[in-house]
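> model this:
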Amino acid sequence: MRLNESDMRAIRMIIRAQRQQRIVTPKDIAHEVGISSASTTKLIDRLVAGGHLTRAPHPTDRRTTCIEVTSHTRQSAHDTIGRQHARRFRVATDMPPEDRETVIRFLDALVEADIPQGDLAPHSTSADAQDKDAD
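Numbering: from 1, shown residues only. Modelled structure (predicted):
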């Protein structure tokens, strides 16, 4: 699709919202992508001009518009993502079983290492952290 990362983030977010039958406004896009309202306007203008998005009147708020992904872009994104998932799956299935088991152990260990510990652990108290440090 040859779009930059901000454009793709916006399109993915809008596709998810449309699946959930949620209305997307420029403010939603700005929040998702982390850009200013002026940059959001430029992003939307660029994607509308490229045939990726459309603007429609908001059903309840005349001060804003709804932003929707075109059916062509939705299908393109679906096809692109489908091919990407197929390539990932092929990499996994091409690995010998023992290599897959090693990779799974490694990824499980990474997940375990990311579990918050001490003061960062959910429902942790200073006393809990001190007790663990004493062990």
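
> got any ranges where this structure has weak pLDDT?
Screening the chain residue by residue with the criterion pLDDT under 70, one finds the ranges 1, 124-135.

> now do the strands in it.
In the chain, the segments counted as strands under DSSP state E are 53-57, 65-69.

> winner for burial among these?
Here the criterion is mean neighbour count by mean count of other Cβ atoms under 10 Å, and of the strands of the chain the winner is strand 65-69, at a mean of 21. Where you see a C-beta, it was placed from the backbone N, CA and C, and this is true even at glycine.

> relative to strand 53-57, how tilted is the longest helix belonging to the chain?
Secondary structure of the chain per DSSP state H: the longest helix is helix 71-94. Using axes from the mean of the first three to the mean of the last three Cα atoms, to 10 degrees, the inter-axis angle of helix 71-94 relative to strand 53-57 is 130 degrees.

> against which helices or strands is helix 71-94 packed?
Contact here means 3 or more Cβ pairs under 8 Å, 6 or more residues apart in numbering; DSSP states H and E; on that basis helix 71-94 packs against helix 5-19.

> mind listing what's buried along the helix it packs on?
For helix 5-19, the buried set under the neighbour-count rule, 16 or more other Cβ atoms under 10 Å, comprises Ser6, Asp7, Arg9, Ala10, Ile11, Met13, Ile14, Ile15, Ala17, Gln18.

> and for stretch 32-42?
Glu32, Val33, Ile35, Thr40.

> one step back: just the CA atoms of the longest helix of the chain, as CSV, please.
Once non-C-alpha atoms are left out, helix 71-94 reads as follows in CSV (Å, rounded to 0.1, in the frame of the first residue of the first chain):
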residue,chain,number,x,y,z
SER,A,71,-13.7,-0.8,0.8
HIS,A,72,-10.8,-0.9,-1.6
THR,A,73,-8.3,0.1,1.1
ARG,A,74,-9.9,-2.3,3.6
GLN,A,75,-9.5,-5.2,1.1
SER,A,76,-5.9,-4.2,0.3
ALA,A,77,-5.0,-4.1,4.0
HIS,A,78,-6.7,-7.5,4.5
ASP,A,79,-4.8,-9.0,1.6
THR,A,80,-1.5,-7.5,2.7
ILE,A,81,-1.9,-8.7,6.3
GLY,A,82,-3.1,-12.1,5.1
ARG,A,83,0.1,-12.5,3.1
GLN,A,84,2.2,-11.3,6.0
HIS,A,85,0.6,-13.8,8.4
ALA,A,86,1.1,-16.6,5.8
ARG,A,87,4.8,-15.8,5.6
ARG,A,88,5.1,-15.8,9.4
PHE,A,89,3.3,-19.1,9.6
ARG,A,90,5.6,-20.6,6.9
VAL,A,91,8.7,-19.6,8.9
ALA,A,92,7.3,-21.4,12.0
THR,A,93,6.3,-24.5,10.0
ASP,A,94,9.7,-24.7,8.3
